[in-house]
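> Next comes the sequence, and after it the predicted model I'd like to discuss.
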Amino acid sequence: IITDERGSNLRVCSFGSGGRLGLSHHTQYTPLHIPSLPQITLIAPAQDHTLALSSRSEVYTWGLNRLSQLGYVVEPATSGV
C-alpha cells in the first residue's frame, strides 16, 4: 500500500513466505509501515517478489529470487568446513 504521506509511505501486508514482504516474518495481517524506505512513487507487486520505485528514482526489490528477477544474484550459503 502506498500512502500520500511525505517521506516513508509504504505499508505491506499479505502472506509473505520467502521474503515476499521484505520482512523477517512470513505473514502480516494488517498494514505495517516500512520506515527504512524513502518515499515510494510506484510499486510493481508480483506473486513472489516486489519492485518499488522511489521519488529519487531508486529501485528497491525484495522477495524470492530463484531466477535472479530481483536484479542481482544471491550466492548460496557455504559452510565453514
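Nice, thanks for sending it over.
> what about His49, how many residues close to it?
Using other C-beta atoms under 10 Å, His49 is surrounded by 21 other residues. Heads up, the C-betas are built off the backbone N, CA and C, glycines and all.
> Likewise for Gly63?
If we define neighbours as other C-beta under 10 Å, then Gly63 has 20 of them.
> Over to Thr3?
13.
> check contacts around it.
Shown here is Thr3, whose contacts under the criterion C-beta atoms under 8 Å, 6 or more residues apart in numbering are Asn9, Leu10, Arg11.
> Can you select the buried ones among the residues you listed for me in PyMOL?
Selecting only the buried entries of the contacts of Thr3 in PyMOL, with 16 or more other C-beta atoms under 10 Å as the criterion:
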select buried, resi 9+10
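> Kindly reformat the contacts of Thr3 as a markdown table and extend each row with pLDDT, distance to Thr41 and secondary structure.
Converted to a markdown table, the contacts of Thr3 look like this (pLDDT from 0 to 100; distance: C-beta to C-beta, whole Å; DSSP: H, G, I helix; E, B strand; the rest coil):
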| residue | pLDDT | distance to Thr41 | secondary structure |
| --- | --- | --- | --- |
| Asn9 | 87 | 9 | coil |
| Leu10 | 84 | 10 | strand |
| Arg11 | 85 | 15 | strand |
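> how about the strands in this structure?
Per DSSP state E, the chain carries strands over the ranges 11-15, 27-33, 40-45, 49-54, 59-63.
> Redo those as CSV? Include distance to Gly71.
Supplementary listing: the strands of the chain in CSV, determined by distance: least, C-beta to C-beta, whole Å:
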stretch, distance to Gly71
strand 11-15, 19
strand 27-33, 24
strand 40-45, 12
strand 49-54, 8
strand 59-63, 6
